[in-house]
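Participant: Using only what follows, build the 3D model:
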Amino acid sequence: MSKINESPDTNGKYGKIISNLPQDDGWKPVGTLYKYQGFWYGPSLLQNVISAQESFTPQPTDIVLCSSPKSGTAWLKALAFSIVSRNQVDDSTNPLLKKLPHEIVPFLEIELAHDSNNRNLEIPFVATHIPYSSLPKSIIDSKCKIIYICRDPKDVLISHWNFDQQVSGIGSESFPLEEALEQYCKGIYPFGPYWDHVLGFWKASLEFPEKVLVIKYEDLKTDGPFHVKRMAKFLGHPFSMEEEQEGAPEKVVNMCSFENLSRLEVNKNGKYDLPDLPTFVNKSFFRKGKAGDWKNYLSDGKAEKFDQIMEEKFSGSGLV
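Facilitator: Just a heads-up that it's a prediction; the model follows:
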């Protein structure tokens, strides 16, 4: 068994800062987490978050795709990329056919943390799990558009628990769902608490609707074409009347569907290498892609308790 994160480099640039932060070992697949600016991180990612806050410089035309882990990140990347590039690529040349969405759109706190230019500048996307309140000031002060995807927190919990077990090799015997549920309800897991993560972007979308758009995973499942058109308009790449009549929004939805992406060869057998993190198998990012899968894991009593906590946390926000 191996944990996803390494111990902090106490001799490094940020080691002293991190070693003095509140710590918790409850999310076992990751190891020790550190609380920074109200959220929990593993040490290697936290060093990158701080570095990005200090040095990241966005391009004026960048689009920042944001999410809490396991909330539909790969799906959002695929949809946004397909919307913006739809007139530059076709069914045979779309990079999504050969690359994992994460390879097309780099993570701010991983690939770009120490080098803003470590990317293909022709692709105007940056992705991140960093909470709104901790985003680099350079992004907040820029004209960059931000899209945030959120999801039923019960499904996020189940997806997160399954993913971290698979990546770390720590099985359910060592990290049972009951422990994961307890940690989630306390908000102590990578990039948690979930409610604060969502509320940060939600409140920003209310204050700056021209800059921040919040999309719900379940809404995309229910009416994908409507919300793809909504995203396209927000990004300044609206579908023309002719495109809508020809079914272009539906084409984007179908191209980026879980069913289509998960059966591509690259996503069945490919691997994804990242600095300071384990090598991921691409299929680990395509588990089920369903809304409501939590029902196969959580009893009615546990789900009700979980919902009560979330309702309390989101109370008064206007977000359902």
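Participant: Run through the helices of the stretch 1-150 of the chain in chain order.
Facilitator: Counting by DSSP state H, counting those that start in this stretch, the stretch 1-150 of the chain has helices at residues 15-19, 43-55, 73-84, 101-104, 137-140.
Participant: From V228, how far off is N260?
Facilitator: 14 Å (Cβ to Cβ, to the nearest Å). Placement of C-beta: from N, CA and C, glycine included.
Participant: What strand or helix carries the most far-flung residue of the chain relative to its centre?
Facilitator: Of all residues in the chain, E242 sits farthest from the chain's C-alpha centroid, using Cα atoms, centre = their mean; the distance is 32.7 Å. Using DSSP states H and E, E242 maps to helix 241-245.
Participant: hey, C-alpha coordinates of that helix in CSV?
Facilitator: Extracted in CSV, the C-alpha atoms of helix 241-245 (Å, rounded to 0.1, in the frame of the first residue of the first chain):
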residue,chain,number,x,y,z
MET,A,241,-29.0,29.7,-35.2
GLU,A,242,-27.7,27.6,-38.1
GLU,A,243,-25.5,25.5,-35.7
GLU,A,244,-28.4,24.9,-33.4
GLN,A,245,-30.6,23.8,-36.3
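Participant: what about the strands in the stretch 101-250 of the chain?
Facilitator: 125-128, 145-150, 212-216 (DSSP state E, counting those that start in this stretch).
Participant: so can I have TSV of the ones you listed showing mean neighbour count?
Facilitator: TSV is the format used below for the strands of the stretch 101-250 of the chain (neighbours: other Cβ atoms under 10 Å):
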stretch	mean neighbour count
strand 125-128	25
strand 145-150	24
strand 212-216	21
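Participant: Of these, which is nearest L181?
Facilitator: Closest of those to L181 is strand 145-150, at 19.1 Å (criterion: Cβ to Cβ).
Participant: now the closest one, how far from the centre of its chain.
Facilitator: 10 Å (Cα atoms, centre = their mean, to the nearest Å).
Participant: Could you name the helices and strands sitting against it?
Facilitator: strand 63-67, helix 73-84, helix 194-207, strand 212-216, helix 217-222, helix 224-234 (3 or more Cβ pairs under 8 Å, 6 or more residues apart in numbering; DSSP states H and E).
Participant: what comes up buried for the third one?
Facilitator: By that I understand helix 194-207. For helix 194-207, burial by neighbour count (16 or more other Cβ atoms under 10 Å) applies to Y194, W195, D196, H197, V198, L199, G200, F201, W202, K203, A204, S205.
Participant: angle of it against strand 145-150?
Facilitator: Following axes from the mean of the first three to the mean of the last three Cα atoms, to 10 degrees, one obtains 140 degrees for the angle between helix 194-207 and strand 145-150.
Participant: With the first one instead?
Facilitator: Relative orientation of strand 63-67 versus strand 145-150 (the same axes, to 10 degrees): 20 degrees.
Participant: So which elements touch strand 63-67?
Facilitator: Packing partners of strand 63-67 (3+ Cβ pairs under 8 Å, 6+ apart): helix 73-84, strand 125-128, strand 145-150.
Participant: Tabulate these (a markdown table), appending mean pLDDT.
Facilitator: Shown next, in a markdown table, are the helices and strands packed on strand 63-67 (pLDDT from 0 to 100):
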| stretch | mean pLDDT |
| --- | --- |
| helix 73-84 | 95 |
| strand 125-128 | 96 |
| strand 145-150 | 98 |
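Participant: a markdown table for the ones you listed, including distance to Q23?
Facilitator: Listed next are the helices and strands packed on strand 63-67 as a markdown table, based on distance: least, Cβ to Cβ, whole Å:
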| stretch | distance to Q23 |
| --- | --- |
| helix 73-84 | 26 |
| strand 125-128 | 23 |
| strand 145-150 | 27 |
